[in-house]
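In: sequence first, then the predicted structure, then my questions.
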Amino acid sequence: MRELDAKQITEAVAEMCKEAAYYLPKDVYEGLKRGRETEKSPVGQNVLDQIIRNAEIARAEDRPYCQDTGMTIVFLKIGQDLHITGGYLEDAVNEGIAKGYTEGYLRKSVVSEPLFNRVNTKNNTPGVIYTEIVPGDKLDITIAPKGFGSENKSGVKMLVPADGVEGVKKAVMEIILHASMNPCPPMVVGVGIGGTMDRAALLSKKALTRSIDERNPMPEYAKLEEELLELINQTGIGPQLGGTTSALAVNIEWGPTHIAGLPVAVTICCHAMRHSHRVL
Amino acid sequence: MAEQIRIQTPFTEEMSRKLKAGDAVLISGEIIAARDAAHKAMTEALARGEKLPVDWNNQMVYYLGPTPAKPGDPIGSCGPTTSGRMDAYTPTMLDQGIKGMIGKGSRSKEVIESMKKNGVTYFAAVGGAAALIAKSVKKYEVLAYPELGPEAVARLTVEDFPAIVVIDCEGNSLYETNQKKYRTLQGYE
């Protein structure tokens, strides 16, 4: 059985939090540039110019791309033959988040309790940590910080099987039209279809860890991704102040569901589609 | 883009009433950052009959919670946050004399009515252009509620801060007009 020291996890998570905050992934950057070439609205072109310039400054100067450096979502795939030593896994991850957000001059945006006493924890912990046990002896870490301007506009719709593909499109478009210009478009839209209410929501988050250039491997879902993207780009939402580049991509993930159900979850991500990935 | 209009704060009602939805502006002078927790604290203070820690007359409020400044910098990344979350507090705050608001996203009917009454202009900065916007900030000083960390009320000294008038003080909205102009969607509404 392979051993991995918890300290190595803390160090990796700290670095990954900084990387995710500073460096917009290349596929998203190129997507923004393609959007700038085709954008029809002059004010939309101006907004895209500022967003592209912002990505370049953040990368060149190691500065947070957005001041909302997010709540830290962490996806862990733990090989069942891996033994973590020297500490508890979730503590190691949260210590990494605290270290990364402090050393990296990232904003601490987490309150310890949501309703009665919203006190900032001052180190951005705890993260939202999802673990999955997989074959092998490695630890696969994805850090996906999530800003709340866009998170607040996300949602779940519980459809029934008879609603079908058209029902899914309507559900997604209802959430997008309600979100309108608020979630810092151009958006990247993560859609989770199937499972239970919570599983659909998780699938919609996982969908956002996939490249915007990569379509779902199943042709029917790939086609639905393209069709939804086209519809979203017809809304006029554009890059915040109206235009034709409302979204860069729609990524769908699906899962088995119940005979009576068709859950659909939509996580809207702003143009700061940040993530960082490492295998230890 | 049309020519940019230069604005020097303090920002009076007379200056506000000259601006129209769609105008691109460059703001210089002092603006005041405040967001969710500070708005809650200030409106609660007013309800208790207390005086506010900041004189808001002829001020511009910027809905912002910046990242911490790196050593040697006046401020960290500092783009706008979603203005709509401040809507519940905004009419009360506008009655304190605020004449300009800088943020991102749509506003409620109640806010637009209060803007018309008080002669207030709402500007959008580009959401998520936070490292770029930081280049126009020269100074950052906390004025009140330091315990709120990034949500503290703070004075920013800015030079050529880029923004666009999205809702003018007659209630005209660039969001509505420009979104309609580029909408080709059939159905789904």
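Out: Right, received. Where do you want to start? Numbers count the residues shown, from 1 in each chain, chains lettered A, B, ... in the order given.
In: contacts only, for the most centrally placed residue in chain A.
Out: Note on chain A: the residue nearest the mean C-alpha position is residue A:208, at 4.4 Å, using Cα atoms, centre = their mean. By Cβ atoms under 8 Å, 6 or more residues apart in numbering or on different chains, the residues touching residue A:208 are A:144, A:188, A:190, A:251, A:267, A:269, A:273, A:275. For glycine as for every other residue, the C-beta is placed from the backbone atoms N, C-alpha and C.
In: dump the residue contacts of the closest residue to chain A within chain B.
Out: Nearest residue of chain B to chain A: residue B:178, at 2.7 Å (Cβ to the nearest Cβ). Under the criterion of Cβ under 8 Å, 6+ apart, the neighbours of residue B:178 are A:41, A:43, A:236, A:238, A:241, A:242, A:243, B:22.
In: chain B: helices as residue ranges?
Out: B:13-18, B:36-47, B:90-94, B:109-118, B:130-133, B:174-182 (DSSP state H).
In: name the nearest residue to whichever residue of the stretch 101-250 of chain A sits closest to chain B, sequence neighbours excluded.
Out: When scored by Cβ to the nearest Cβ, the stretch 101-250 of chain A has residue A:242 as its residue closest to chain B, at 2.7 Å. What sits nearest to residue A:242 in space, not counting adjacent residues and going by Cβ to Cβ, 6 or more residues apart in numbering or on different chains, is residue B:178, at 2.7 Å.
In: still on that earlier bit, the residue nearest to the centre of chain A - that's part of a helix, no?
Out: Yes: counting by DSSP: H, G, I helix; E, B strand; the rest coil, residue A:208 falls inside a helix.
In: just the pLDDT for it.
Out: As predicted, residue A:208 sits at a pLDDT of 97.
In: before we move on, what about residue A:1?
Out: 89.
In: what sits against it?
Out: Counting by Cβ under 8 Å, 6+ apart, residue A:1 has contacts A:81, A:82, A:83, A:137.
In: run a quick neighbour tally on residue A:24.
Out: 25 (other Cβ atoms under 10 Å in any protein chain shown).
In: ranges for the strands of chain B?
Out: Here chain B has its strands, by DSSP state E, at B:5-8, B:24-33, B:60-62, B:100-103, B:121-124, B:137-144, B:153-167.
In: mean neighbour count, distance to residue A:122 and mean pLDDT for the ones you listed - can I get that in CSV?
Out: Below are those laid out as CSV (neighbours: other Cβ atoms under 10 Å in any protein chain shown; distance: least, Cβ to Cβ, whole Å; pLDDT from 0 to 100):
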stretch, mean neighbour count, distance to residue A:122, mean pLDDT
strand B:5-8, 15, 36, 97
strand B:24-33, 20, 19, 97
strand B:60-62, 28, 23, 98
strand B:100-103, 26, 25, 98
strand B:121-124, 28, 30, 98
strand B:137-144, 16, 16, 97
strand B:153-167, 22, 18, 97
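In: redo those as a markdown table? Include distance to residue B:89.
Out: Compiled in a markdown table, those are given as follows (distance: least, Cβ to Cβ, whole Å):
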| stretch | distance to residue B:89 |
| --- | --- |
| strand B:5-8 | 24 |
| strand B:24-33 | 14 |
| strand B:60-62 | 11 |
| strand B:100-103 | 11 |
| strand B:121-124 | 15 |
| strand B:137-144 | 15 |
| strand B:153-167 | 13 |
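In: quick one: low-confidence parts of the chain?
Out: With no chain named, the answer covers chain A. Chain A contains no residues with pLDDT under 70.
In: not quite, I wanted chain B
Out: Using pLDDT under 70, the flagged stretches of chain B are B:1-2.
In: tell me which residue is most central in it.
Out: Most central in chain B (Cα atoms, centre = their mean) works out to residue B:102, at 1.9 Å.
In: dig out what it forms beta bridges with.
Out: Under DSSP bridges, the beta-bridge partners of residue B:102 are residue B:62, residue B:123.
In: now for residue 26: which residues touch it?
Out: Defaulting to chain A. So residue A:26 contacts nothing (Cβ under 8 Å, 6+ apart).
In: that answer is for a different chain, and I need it for chain B
Out: Counted by Cβ under 8 Å, 6+ apart, residue B:26 has contacts B:4, B:5, B:6, B:7, B:160, B:161, B:162, B:163.
In: what's opposite the residue nearest to the second one when sequence neighbours are not counted in the beta bridge?
Out: If I follow you right, that is residue B:5. Take residue B:5 and drop its neighbours on the chain: the residue closest to it by Cβ to Cβ, 6+ apart is residue B:25, 4.8 Å away. Residues in a beta bridge with residue B:25, per DSSP bridges, are residue B:5, residue B:163.
In: I figured residue B:25 hits residue B:166, correct?
Out: No: using Cβ atoms under 8 Å, residue B:25 is not in contact with residue B:166, being 11.1 Å away.
In: for those two, list the residues in contact with both.
Out: residue B:123.
In: between which two of the contacts of residue B:178 is the distance greatest?
Out: Using Cβ to Cβ, the pair of the contacts of residue B:178 lying farthest apart is A:236 and B:22, separated by 15.3 Å.
In: if I pick residue A:265, what's in contact with it?
Out: A:154, A:155, A:156, A:157, A:191, A:192, A:193, A:197, A:200, A:201, A:203, A:204.
In: contacts only, for the fifth one.
Out: Meaning residue A:191. Neighbours of residue A:191 in contact, by Cβ under 8 Å, 6+ apart: A:172, A:204, A:207, A:228, A:250, A:251, A:252, A:253, A:264, A:265, A:266, A:267.
In: give me the element the second one is part of.
Out: Element membership for residue A:204 (DSSP states H and E) is helix A:197-206.
In: the fourth one too?
Out: Residue A:228 is located in helix A:219-232, with elements delineated by DSSP H and E.
In: residues making contact with that helix?
Out: Against helix A:219-232 from outside (Cβ under 8 Å, 6+ apart): A:165, A:168-169, A:172-173, A:176, A:187, A:189, A:191, A:215-216, A:246-247, A:249-252, A:254, B:185, B:188.
In: how far does that helix sit from the chain's center?
Out: 19 Å (Cα atoms, centre = their mean, to the nearest Å).
In: try stretch B:169-177
Out: So, by Cα atoms, centre = their mean, the centroid of stretch B:169-177 is 16 Å from its chain's centroid.
In: next one: stretch B:142-152
Out: 17 Å.
In: just the buried ones among the contacts of helix A:219-232, please.
Out: A:168-169, A:172-173, A:176, A:187, A:189, A:191, A:215-216, A:246-247, A:249-252, A:254, B:185 (16 or more other Cβ atoms under 10 Å in any protein chain shown).
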